[in-house]
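J.: Return atomic coordinates for the entry below.
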Amino acid sequence: MKKWKSLFLTLLAVNIIILAGVLTLLILPGGEREQAGPPVSEYELNVTGTKESLSAFINSYLQKETSSDLDYKVEIDDEVHVIGAIRAFSSTVDCAVSFRPSVEKNGDVVLRVTKFSLGKLNIPISFVLNYMDQFYDLPDFVHVRAHAKEIQVSLSEMPLKNGMYVKAKTIDLKNDQIEFVYYQPAS
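T.: The predicted structure is shown next:
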């Protein structure tokens, strides 16, 4: 019986040592996990749209963000059209400006003027852009460059929440391919 008793106590001791080892491993803090690459500083979300959805988005944004009642709207076909009325000499005159958009390397959008009509008058485009810059309540991220006959939309300056910003990737109106990238800083 002594032999069985000593074997039983040895087996019990081995089980206790194994159980203590497993419990110790469970209680100890885990090691650092290896990261697959460098830490992420921001996340990006690619967004594609159509001319119709982009014009609806722009008109909705302008309506919410401008302090006065909108007297112009944006329509998009093969070009971007701003259609509205200009107040002059206590009356209003119909106005339409057409732009050809392009994307700059930094993701901003440049709108180059291709056509302009102000009632039936023929007025230089740079004069009209100066007028728009001075008398219209444009968002702070819209910069009129009258001398170059263009308007720059600095998307990175567009106020978004939580440090987000947006960049244009592609604007091809003829093929209805519009792509933007939204960036969200990592927490």
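
J.: Report the central residue of this protein.
T.: The residue lying closest to the centre of the chain (C-alpha atoms, centre = their mean) is Val166, at 2.4 Å.

J.: Which of the residues in the helix or strand containing that residue are classified as buried?
T.: Assessed by DSSP states H and E, Val166 sits inside strand 165-172. The neighbour-count check on strand 165-172 (16 or more other C-beta atoms under 10 Å) flags 165-168, 171 as buried. All C-beta spots, glycine's among them, are computed from the backbone N, C-alpha and C.

J.: Tell me the one among those nearest to Tyr72.
T.: Closest approach between the buried residues of strand 165-172 and Tyr72, by C-beta to C-beta: Ile171, at 20.3 Å.

J.: which non-adjacent residue is nearest the closest one?
T.: Excluding its sequence neighbours, the residue lying closest to Ile171 (C-beta to C-beta, 6 or more residues apart in numbering) is Pro101, at 4.7 Å.

J.: Report how many residues lie close to that neighbour.
T.: Counted with other C-beta atoms under 10 Å, the neighbours of Pro101 add up to 19.

J.: before we move on, what about His81?
T.: 17.

J.: Look up the residues forming beta bridges with it.
T.: As for beta bridges, His81 partners with Glu75, Ser98 under DSSP bridges.

J.: follow-up on the earlier one: check for me that the residue nearest to Ile171 belongs to a helix.
T.: No. Counting by DSSP: H, G, I helix; E, B strand; the rest coil, Pro101 falls outside a helix, being strand.

J.: for Lys51, what are its contacts?
T.: 76-77, 173, 176, 178 (C-beta atoms under 8 Å, 6 or more residues apart in numbering).

J.: among the residues you listed, which two are most distant?
T.: Maximum distance among the contacts of Lys51 (C-beta to C-beta): 12.8 Å, for Asp77 and Ile178.

J.: Mind checking which of these two has more residues around it?
T.: When Asp77 and Ile178 are compared for neighbours, Ile178 comes out ahead with 20 against 13, by other C-beta under 10 Å.

J.: Do I have it right that that one meets Thr48?
T.: Yes. Ile178 is in contact with Thr48 according to C-beta atoms under 8 Å; the separation is 6.5 Å.
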